[in-house]
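Participant: Quick check, what structure comes out for this input:
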Amino acid sequence: MIASPAWNGRKYAVLGLARSGRATVNALLSAGAEVTAWDERSEARAPFEGRATLADPVEIDLTGFDGVVVSPGVPLNTHPIKPHADRFGVPVIGDIELFAQARGDLPPHRVVGITGTNGKSTTTALVHHILKTAGVPTTMGGNIGLPILEQEPLPEGGVYVLELSSYQIDLTFSLACEVAVLLNITPDHLDRYNGDFAAYAASKSRLFAMQTRGQNSIARFTDARSLGQFAEGSIASILEDVFKHRDIAASEQADWPSLQGPHNLENAAAAIEACDILGLTAERIREGLRTFPGLPHRMERVGEARDILYVNDSKATNTAAAAPALAAFDKIHWIVGGRAKEPGLGECEQYMGRVTAAYTIGEAGDGFAEALTPHCPVSRSGTLEKAIELASQVARPGETVLLSPACASFDQFRDFEDRGDQFRVLVHAITRSEGI
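Facilitator: Presented below is the predicted three-dimensional model:
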């Protein structure tokens, strides 16, 4: 567990007791803080009975509190906790801010912070894998893996690799990353920013603004030029230039089986630059790229039958995220739909020449069917099960059945993981029935 003696004797309220909230309460209590904790679910509150005060921070006097720690899932633009805390001059923060406050009490280390609309998880896991393969003490957290406060401190020389969503950055004020990475910015989660894309982009770029002189930032040239929020004296690297200067060629991507497609080339460039800054040799980095196993639900190859490849890209919850998968394969039977985040095909339209047929599902199924009809044959399948059944009947050897929905999952599934898991189960049923 990561905790700080600086929290001893201080007062905090914690709103939301899912994974990061539970870890936060435990870390604060272990450091000697006085904690008020709350979650609407009684079962989430139960483990803290007798250990913390159980009360909704929205309904109590916050005089004397040092912070209200909220889950990243709490929408600050609509939830009453922010104006309530503001009345008492109490900051609303997240667990990443607490980690930032605890850094001074940890063994000497470095932090890589990675944000962006798409590619965060893959790049975070890739940097972590390259470091681990090279023998560097490392762990990953933030928006991936275990909550960071739940993890054990790294020994001296360790590197914490953090995936950071805009929601987490909104709750963070003092995290000065030795290496900060912004992969890309495209419209997403705009409901949390009242439809204002500029506000969403500004949230992402605050990862750079928190840095100090001599720390390193990595971004695409177009984003770097438009953001203009780099800390004075920080050292900027441009993603587009990485393969020109780091003794690793873009053509080597063929040797990285879990990093195919144009988007993964960009993810790899970010990881290469970050690891070069951290002092790894090109050979060490190259070995990590070659052995990276990939992540579930991100262009995950889940099976083959009759020389037809089945790919689970359920994490693609908007058109910008789905487009790279379309760019990575040919002769695609595309399963698309769910709860749409935007109208139309967006960035996917440029790759329609790679799509042999489409199978639409979920709430957005009819809208996608209309948009796709000028480009390819379309089956209005409705459900994932029906889409896979039809696609497996139509697809021919050498073709790919791709689940890359370009939509959120909540109309028919618990989350994108549930959608991807069900796709995997259905594919395995096909491969078993064909004796593969």
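Participant: all helices for the stretch 301-436 of the chain, in order.
Facilitator: 319-328, 365-372, 384-394, 416-433 (DSSP state H, counting those that start in this stretch).
Participant: Then the stretch 1-150 of the chain?
Facilitator: Assignment of helices within the stretch 1-150 of the chain using DSSP H, counting those that start in this stretch yields the ranges 19-30, 42-45, 81-87, 95-102, 120-133.
Participant: Tabulate those helices in TSV, adding columns for mean neighbour count and mean pLDDT.
Facilitator: Any C-beta I mention is one placed from the backbone N, CA and C, and that applies to glycine too. Below are the helices of the stretch 1-150 of the chain laid out as TSV (neighbours: other Cβ atoms under 10 Å; pLDDT from 0 to 100):
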stretch	mean neighbour count	mean pLDDT
helix 19-30	22	96
helix 42-45	12	95
helix 81-87	16	96
helix 95-102	24	98
helix 120-133	25	96
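Participant: Using TSV, lay out these together with distance to Glu342.
Facilitator: Converted to TSV, the helices of the stretch 1-150 of the chain look like this (distance: least, Cβ to Cβ, whole Å):
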stretch	distance to Glu342
helix 19-30	28
helix 42-45	33
helix 81-87	27
helix 95-102	28
helix 120-133	19
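Participant: Specify the stretch among those that is closest to Ala219.
Facilitator: helix 120-133 (12.6 Å; Cβ to Cβ).
Participant: Contacts for the closest one next, please.
Facilitator: Residues outside helix 120-133 that contact it (Cβ atoms under 8 Å, 6 or more residues apart in numbering): 112, 114, 116, 138-140, 142-144, 159, 161-165, 181, 183, 259, 264, 267-268, 270-271, 274-275, 278, 280, 284-285, 287-289, 291-295, 298, 315.
Participant: quick revisit: buried deepest among the helices of the stretch 301-436 of the chain, which one?
Facilitator: helix 319-328 (a mean of 25; mean count of other Cβ atoms under 10 Å).
Participant: about what we covered before: among the helices of the stretch 1-150 of the chain, which comes closest to Leu372?
Facilitator: Nearest of these (Cβ to Cβ): helix 120-133, 26.7 Å.
Participant: and Glu252, how many neighbours does it have?
Facilitator: 14 (other Cβ atoms under 10 Å).
Participant: So it is in contact with Arg286, correct?
Facilitator: Yes. Applying Cβ atoms under 8 Å as the test, Glu252 and Arg286 come out as touching, 7.2 Å apart.
Participant: Flag every buried residue along the strand or helix carrying Ala224.
Facilitator: Element membership for Ala224, per DSSP states H and E: helix 221-227. Neighbour counts over helix 221-227 (16 or more other Cβ atoms under 10 Å) mark 223-224, 227 as buried.
Participant: Equivalent analysis for stretch 280-290, please.
Facilitator: Those would be 280, 284-286, 288-289, for stretch 280-290 by 16+ other Cβ under 10 Å.
Participant: picking that back up, residues in contact with the helix holding Ala224?
Facilitator: 182, 184-185, 201-202, 205, 208, 217, 219, 230, 236, 238-240.
Participant: Nice, that's everything, thank you.
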